[in-house]
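Student: the sequence and its predicted three-dimensional model are supplied below.
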Amino acid sequence: MNLPLIPAPAATTTSDGTLVIGDGLGIAVPPELADLAARFVEDVRIDAGIALSVAASPGVTVLIDSAGIDDVAPASGLRADGKDLADERYGLEITSAGVRVWGPTAEGVHRGLTSLRQLITAYAQDGSATLPAARVIDGPRFAWRGLSLDVARTFHPPAVVRRVVDMCSLYKLNVLHLHVTDDQGWRIEVPSRPALTEIGACGAIGDRPGGYYTQAEVAELVAYAAERFVTVVPEIEMPGHIAAVFRAYPELAPGEIRSIDLGNGASLQLSTLDPDRAETWEFVEDVLDAVIPQFPQSAYVHIGGDEAFGMPDEAHAAFVERAVELVRARGKRVVGWQEIARASISADVAVQYWMDVHEVESMDYDAVSSMVPAELLPILAEGLKKAAQDAPRALAQGARLLVSPTSWLYFDRPHADASSDAAQEEMRKRVGLPVYPAASIRDSVEWDPVENTPGVESDAQVAGVEGAVWCETIATADELEFMLLPRLSGAAEKAWSRQTSTDWPEYAARLSHQSKAWQQREWTWFHSVEVDWA
Ligand code: TNX
């Protein structure tokens, strides 16, 4: 029997017998795990409506222990916080006498408690949950399991981002990559460059409100995420997607700023930072000096690097190489979008693969050309041609790929499934970038990060797996959650589970239980008619 867990665990055995979990049941916990257990109790109360207590008479025993853990290999890839690849493994045993959750680290225990929380929620009915006897030994396939969130096109306030952290944590995702800068807005404080927030943060796409995170808000968010074992990785997008910076500091802009009107209040900016100007690098250093200390858990800084439309290749490469040096000089490593592989990079750089060959081949060019201005077509075509070489080039340089292919991991694609909810059918027409073919929930799991990434032959070449949600068409928290759930669970399945192929009916059965927690937490979620929701 497969337990209703997402992501699917590495090894499960079930046996006869059951355990009833109900109000007042105690949790025995060593002092160093007390906070973690308290959070678990709170989460179970919200998700399942069952009030456990941290008490002396234990039904659930939580402990640091490595018994049986080595049956599961450590994760492959890179950890955004630079910690050990083995830290997230855990064991979970349910017998008619009680539950034991253990792991070699607090983080492992947290992952185990997350599984227990999902089980209690799935089996909860009228205030108690009857769990089947089972033993799980588990650990992730990939170390970096993330979500990239665009807060530039739409500014999502801290409370919305915290909800997203909660979603990540529920599915054992451990990275929140915050895209805090883009043409439409600069969203993070840099005290030495006040105009970035005074001017650059104003507005967003169309008439959406602007905004930015104060340093105190970033600190709070980073701590909130860390408590849930999620590392926040900042992205400072450069040298393209930089129009907000030029609004704030026009002296950094080239003489003539080029942009193409995309309609609906959106435009594409074709101007980039100039690597040949000293002011450019003073600016970049000021930004890195202000941003890096705000994200102490992150071993990485994301430098963007994508779509520097119109910039000569040599200038782009020179820019990337210098930016990498500056990040490294500050004790951090670099992650960047796949275009950075066109520069000379070292093996410690992570390259985020997004323009997958599958997508480029299946693209409906007639549809695209009717949607974008003619002026843009040759620029796009050239970018796509070069893109096919990016992943092989990154691998040839010894770098690992952070796998984020548009086909499966871009959550801003329109939903292909119908919704059982009439209001959502209307939302479905409005939300999602029309240049992408619509994707079903089934599509989100019928692929594999190794098999479907060109040039990749083994897990060892992969840094991890990251979903991305761009917000050109996503204007509200509601719309954001509508695009994230349930696709985020699919991304987690691909990133954590060791199964290289997913059987849709089996996955859909596990997925069907998830709506209980979403409902309880008042998260908006897409009611796909393809799943028989619990
Ligand atoms: C491409 S993905 C972009 C983003 C857009 C996205 C829309 C990437 C590195 N660049 O600027 O928002 O497509 O899906």
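Tutor: Ah, there it is. Numbers count the residues shown, from 1 in each chain.
Student: looking at strand pairing, list the partners for the residue most central in space within the chain.
Tutor: Centroid-nearest residue in the chain, with Cα atoms, centre = their mean: Leu147, separated by 0.6 Å. Note on Leu147: beta-bridge partners by DSSP bridges are Leu176, Gly467.
Student: which ones are touching it?
Tutor: The contact partners of Leu147, by Cβ atoms under 8 Å, 6 or more residues apart in numbering, come to 164, 168, 173, 175-177, 466-469, 484, 488, 491. All C-beta spots, glycine's among them, are computed from the backbone N, C-alpha and C.
Student: repeat for Tyr436
Tutor: 359, 406, 410, 412-414.
Student: let me see the confidence value for it.
Tutor: Looking at Tyr436, its pLDDT is 88.
Student: how much space between the nearest residue to Asp448 once chain neighbours are set aside and Lys516?
Tutor: Once flanking residues are discounted, Asp448 sits nearest to Thr500: 4.8 Å by Cβ to Cβ, 6 or more residues apart in numbering. Counting by Cβ to Cβ, to the nearest Å, the gap from Thr500 to Lys516 is 29 Å.
Student: next one: Pro140
Tutor: 24 Å.
Student: surely Val136 forms part of a strand?
Tutor: Yes: assessed with DSSP: H, G, I helix; E, B strand; the rest coil, Val136 lies in a strand.
Student: which of the contacts of Tyr436 has the most neighbours?
Tutor: Among the contacts of Tyr436, Arg413 has the most neighbours (other Cβ atoms under 10 Å), with 25 neighbours.
Student: what's the residue in the stretch 251-400 of the chain that the ligand sits nearest to sitting at in phi/psi?
Tutor: Going by Cβ to the nearest ligand atom, the ligand is nearest to Asp306 of the stretch 251-400 of the chain, at 3.5 Å. The phi and psi values for Asp306, taken as degrees, to the nearest 10, are phi -80, psi 160.
Student: show me what contacts Phe40?
Tutor: 27, 52, 113, 116-117.
Student: what's the pLDDT at it?
Tutor: Reported pLDDT for Phe40: 97.
Student: element containing it, please.
Tutor: Using DSSP states H and E, Phe40 falls within helix 34-48.
Student: can I have stretch 291-298 written out in CSV, keeping just the CAs?
Tutor: These are the backbone C-alpha positions of stretch 291-298, laid out as CSV (Å, rounded to 0.1, in the frame of the first residue of the first chain):
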residue,chain,number,x,y,z
VAL,A,291,21.9,42.4,0.0
ILE,A,292,24.2,39.5,1.0
PRO,A,293,24.1,40.2,4.7
GLN,A,294,20.3,40.2,4.6
PHE,A,295,20.3,36.5,3.6
PRO,A,296,22.8,34.9,6.1
GLN,A,297,21.5,31.3,5.5
SER,A,298,22.1,31.4,1.8
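Student: and it, how far out from the chain's middle?
Tutor: For stretch 291-298, the separation from the chain centroid amounts to 18 Å (computed by Cα atoms, centre = their mean, to the nearest Å).
Student: next: stretch 250-269.
Tutor: 28 Å.
Student: close to the ligand, is it?
Tutor: No: remark: stretch 250-269 sits outside contact range of the ligand, by Cβ under 6 Å from any ligand atom, the gap being at least 9.2 Å.
Student: need the residues of this structure near the ligand, please.
Tutor: Counting by Cβ under 6 Å from any ligand atom, the chain sits next to the ligand at 306-307, 337, 354, 410, 412, 433, 470, 472.
Student: which other helices and strands does the strand or helix carrying Val232 contact?
Tutor: Taking DSSP H and E as the criterion, Val232 maps to strand 231-238. Counting contacts by 3 or more Cβ pairs under 8 Å, 6 or more residues apart in numbering; DSSP states H and E, strand 231-238 is packed against strand 175-179, strand 181-182, helix 215-227, helix 278-291, strand 300-304.
Student: so in that sheet, which strands flank that strand, and in what orientation?
Tutor: strand 175-179 (parallel), strand 300-304 (parallel).
Student: for whatever helix or strand comes next after it, which positions count as buried?
Tutor: Later in the chain than strand 231-238, the nearest helix or strand by DSSP H and E is helix 243-248. Of all the residues in helix 243-248, those buried under the rule 16 or more other Cβ atoms under 10 Å are 243-248.
Student: cool, thanks, signing off.
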